[in-house]
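1. Task: produce atomic coordinates for the following.
(chains A, B, C and D)
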2 protein chains.
Amino acid sequence: MSATIFDVAKRAGVSIGTVSRVVNNRDRVHPETRERVLKAIQELNFQANALARGLASQRTNMLGLVIPQVNDSFFFQIFRGVNDEVTAANYTLLIISQTRQGNEHRYLELFRRGHVDAMILVAIDARRADIKQIQETGVPIILIQQDIGNHVPTFVVDNYGGGRMIAEHLVGHGYQRFAYITGTDYTPDSNERLRGLRDVLHEHGLSIDDEDIVRGDFFEGSGYRAVIDLLQRPQRPRAIFAANDQMAVDAIRALQDHGLRVPEDVAVVGFDDVPFASYISPGLTTVHQPTYELGREAARMVFSMLQRDAEQNSKVRIAPRVQLPTSLVIRRSCGCVD
Amino acid sequence: MSATIFDVAKRAGVSIGTVSRVVNNRDRVHPETRERVLKAIQELNFQANALARGLASQRTNMLGLVIPQVNDSFFFQIFRGVNDEVTAANYTLLIISQTRQGNEHRYLELFRRGHVDAMILVAIDARRADIKQIQETGVPIILIQQDIGNHVPTFVVDNYGGGRMIAEHLVGHGYQRFAYITGTDYTPDSNERLRGLRDVLHEHGLSIDDEDIVRGDFFEGSGYRAVIDLLQRPQRPRAIFAANDQMAVDAIRALQDHGLRVPEDVAVVGFDDVPFASYISPGLTTVHQPTYELGREAARMVFSMLQRDAEQNSKVRIAPRVQLPTSLVIRRSCGCVD
DNA sequence: CTGAAAGCGCTTACAG
DNA sequence: CTGAAAGCGCTTACAG
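-> Numbers count the residues shown, from 1 in each chain, chains lettered A, B, ... in the order given. Here you go, the predicted structure:
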């Protein structure tokens, strides 16, 4: 295939050890020797074989990103964040897309095959025992949007705070009767957002009936069905909080299809701030999640852990739990006017 | 780290060659021996190290996907298509996200480092010489949404046909004066769509003025600016065809912001059929691109090429150009009513 | 500062 | 059907 380290060594008149040293920039190499080697590398268009290097050094320079196939935007933004850091660190990104329900846990395979130096798991309900096994071998592992206890560094968004924020805003509009459309329980997201809503209502002497909490699944269609459900009830909610934007948008459509005006008859808010939240009519009031930052910060931490290991060879790890703030994005669906 | 092939061999009382044979299911192995080995593998939770295997066999079982950071949906759908096939083939997906303008061409590095068995380049303006170099080493390479001649298998969407379809539809509405908002020229997409429009207009004795072709860049904001440009002209177009949905949606907003009704005053259509095309108001009439299928079909072909190589060791390659059909999605922005 | 050599964990002819 | 051994292309102590 391409030129190997032997070809370079021959051409430069040195041993492969020396070539390796200049390629990796380690140890002292005589300037003139270095020049010769560099020249040979250039002429032969040499790039060290990644597999051989990985096998010999026990570092692959690959990062594994395990991510479920959720909505386009969430996936893509996390990817972007991680990828930017990966590129900067001169790593290569290996992506495993895991189905949420799947119990096969392909990330384990990824790890056992020695593919990656570290891994980032997004919204995967990993088993603690598995995580522990990986950590013990010295492979840093970080969780995004999933919390399994305090032994694994975790990056989450402030779901509870976001839920509170948007609830406060709705209460500020004077609404009294609320409904909530849940997501799935694979991650704590939906429940945390609901908890925020509940607490705020409680503080204001309000509450939400159990029957006004309808099940959704985050995906297209479930928000529509949830609203149809809600409209069967004797009393109509004045404001609907959907656990994500996709469901909120579907809810708006369902309401409009039933001749109700949003926000005049029923206000609707979501969570995510997906790209199209501002394009629908009325514009969707929602909670912005710093998704890109989530990916980037997690990747940064991974690399700093890798760095630390290399330096002090310490396997003692602090396991911080980083919570990124959410922010309110006010448009028109809540009842605000421009 | 984990158990190696030596551990397994020892435990099963065989040589590592035999372990390798049962792991890879090659050659005859005595059933009883196989059982013993399988048992040892199970007990030790053995998984062959991917790097060592790759180095020895010259096959990495990794596929490289090189893709620009375009809009979320396009990226994600291609990824999904490719990923589904990759998973089925028991391969691992390595993703390089390359900036469009970048001339660094990271995919070359990916290849030279021996990372991947094959690669799929999406909308990357690769140089023929580079592609050739890769092909000569026997690494299959496939292009998606980019065409550099007939030596590389290529998967594209029928941009021209899509442009024609939607143009026919607009002409059917009786519109006479048209405008086109272009994308960038990195890929032929925008020009092909315009060509479709032009040909149809011509066939109907109509035409589009050069000054009614305004430059856009596919991204957020450019559609808005393009419309402001258009509105300065003495004569207003009756229908605007934007080279993609993002710009079409921006165009609609710009028109509405200037007190014009869509589609009553100006009709607007796009290209892509992004998820939110149906959520805006009016619903966007557009051309659906089989993006997921594009990724999947390309991946299928890659694997069949890999298969073929393995079987007949022939490096002679046919280089088909597969064009996937587009389809018209009619909503309301073109002037149709439910 | 540099070379020789062991070793990373596999696969794969080659013998038998 | 199975083992011994070379080889994949590097890195990294170890000497010098």
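
2. Going by C-alpha atoms from here, please, whenever you check contacts or count neighbours.
-> Fine.

3. what about A:Gln323, which SS state?
-> For A:Gln323, the assignment made with DSSP: H, G, I helix; E, B strand; the rest coil gives strand.

4. show me what contacts it?
-> Contacts of A:Gln323 were listed using C-alpha atoms under 8 Å, 6 or more residues apart in numbering or on different chains, and they are A:Phe155, A:Val156, A:Val157, A:Asp158.

5. Just the ones of those residues in strands?
-> Restricting the contacts of A:Gln323 to those inside strands, with DSSP state E as the criterion, leaves A:Phe155, A:Val156, A:Val157.

6. Let me know the closest of those to DNA strand C.
-> A:Phe155 (31.5 Å; C-alpha to the nearest atom of the strand).

7. which residues does that closest one bridge with?
-> Assessed by DSSP bridges, A:Phe155 has beta-bridge partners A:Ile144, A:Val322.

8. Enumerate every residue touching it.
-> Going by C-alpha under 8 Å, 6+ apart, the list of residues near A:Phe155 reads A:Ile142, A:Leu143, A:Ile144, A:Gln145, A:Gln146, A:Leu294, A:Ala298, A:Arg321, A:Val322, A:Gln323, A:Leu324.

9. CA-only coordinates of the helix or strand of chain A with the lowest mean pLDDT, as PDB, when you get a sec.
-> Across the helices and strands of chain A, the lowest-confidence element by mean pLDDT, DSSP states H and E is helix A:106-112, at a mean of 85. This file holds the C-alpha atoms of helix A:106-112, laid out as PDB (Å, rounded to 0.1, in the frame of the first residue of the first chain):
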ATOM      1  CA  ARG A 106     -22.600  -2.400  21.200                       C
ATOM      2  CA  TYR A 107     -20.300   0.000  23.000                       C
ATOM      3  CA  LEU A 108     -19.000  -2.800  25.100                       C
ATOM      4  CA  GLU A 109     -17.900  -4.600  22.000                       C
ATOM      5  CA  LEU A 110     -16.200  -1.400  20.800                       C
ATOM      6  CA  PHE A 111     -14.300  -1.300  24.000                       C
ATOM      7  CA  ARG A 112     -13.400  -4.900  24.300                       C
END
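
10. Just checking: what are the partner strands of the following helix or strand past that helix?
-> Counting by DSSP states H and E, the next helix or strand C-terminal to helix A:106-112 is strand A:118-122. In its sheet, strand A:118-122 lies beside strand A:62-67 (parallel), strand A:141-144 (parallel), with partners assigned from DSSP bridges.

11. Dump these into TSV; add mean pLDDT, mean neighbour count and distance to B:Val268 as well.
-> Formatted as TSV, those follow (pLDDT from 0 to 100; neighbours: other C-alpha atoms under 10 Å in any protein chain shown; distance: least, C-alpha to C-alpha, whole Å):
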stretch	mean pLDDT	mean neighbour count	distance to B:Val268
strand A:62-67	94	23	36
strand A:141-144	94	24	40
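
12. Quick one: closest of those to B:Val86.
-> Comparing the strands paired with strand A:118-122 by their distance to B:Val86 (C-alpha to C-alpha), the top pick is strand A:62-67, with 14.7 Å.

13. helix or strand right after that closest one?
-> Note on strand A:62-67: by DSSP H and E, the next helix or strand toward the C-terminus is helix A:72-88.

14. Export only the CA atoms of the following helix or strand past that next one, formatted as PDB.
-> The C-terminal neighbour of helix A:72-88 among helices and strands, as given by DSSP H and E, is strand A:92-97. Extracted in PDB, the C-alpha atoms of strand A:92-97 (Å, rounded to 0.1, in the frame of the first residue of the first chain):
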ATOM      1  CA  THR A  92     -10.500  10.100  15.000                       C
ATOM      2  CA  LEU A  93     -14.100   9.700  15.800                       C
ATOM      3  CA  LEU A  94     -15.800   6.400  15.800                       C
ATOM      4  CA  ILE A  95     -19.500   6.400  16.000                       C
ATOM      5  CA  ILE A  96     -21.800   3.700  17.300                       C
ATOM      6  CA  SER A  97     -25.400   4.400  17.000                       C
END
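
15. Show me what strand A:92-97 is in contact with.
-> For strand A:92-97, the external contacting residues (C-alpha under 8 Å, 6+ apart) are A:61-69, A:83, A:86, A:106-107, B:83, B:92-96.

16. can you point me to the longest helix in chain A?
-> Looking across chain A with DSSP state H, the single longest helix is helix A:291-312.

17. and A:Asn24, how many neighbours?
-> 10 (other C-alpha atoms under 10 Å in any protein chain shown).

18. Residue numbers of the stretch 1-150 of chain A in contact with DNA strand C?
-> A:13-18, A:27-34, A:52, A:55-57 (C-alpha under 7 Å from any atom of the strand).

19. Skipping adjacent residues, who's closest to A:Asn61 in space?
-> A:Tyr91 (5.0 Å; C-alpha to C-alpha, 6 or more residues apart in numbering or on different chains).

20. just checking, that neighbour touches A:Met62?
-> Yes: distance between A:Tyr91 and A:Met62: 5.4 Å, which falls inside the contact criterion (C-alpha atoms under 8 Å).

21. buried stuff in the least confident helix or strand of chain A?
-> By neighbour count on 16 or more other C-alpha atoms under 10 Å in any protein chain shown, the buried set for helix A:106-112 is A:Arg106, A:Tyr107, A:Leu110, A:Phe111, A:Arg112.

22. repeat for stretch A:261-275
-> Counting neighbours by 16+ other C-alpha under 10 Å, stretch A:261-275 gives A:261-263, A:265-274 as buried.

23. Could you do stretch A:3-15 as well?
-> The neighbour-count criterion (16+ other C-alpha under 10 Å) identifies A:Thr4, A:Ile5, A:Asp7, A:Val8, A:Ala9, A:Arg11, A:Ala12 as the buried residues of stretch A:3-15.

24. The second one and A:Ile16 touch, don't they?
-> Yes: taking contacts as C-alpha under 8 Å, A:Ile5 lies within contact range of A:Ile16: 6.1 Å.

25. show me where pLDDT drops low in the stretch 51-200 of chain A?
-> Counting by pLDDT under 70, the stretch 51-200 of chain A has low-confidence residues at A:70-71, A:99-104.

26. And for the closest residue to A:Arg112 other than its chain neighbours, the neighbour number?
-> Leaving out its chain neighbours, the residue that sits closest to A:Arg112 by C-alpha to C-alpha, 6+ apart is B:Gln47, at 6.1 Å. B:Gln47 sits with 19 neighbouring residues when counted by other C-alpha under 10 Å.

27. what pLDDT does B:Gln47 get?
-> At B:Gln47 the predicted local confidence, pLDDT, stands at 93.

28. Next up, identify which helix or strand it is on.
-> With elements delineated by DSSP H and E, B:Gln47 resides in a region that no helix or strand encompasses.
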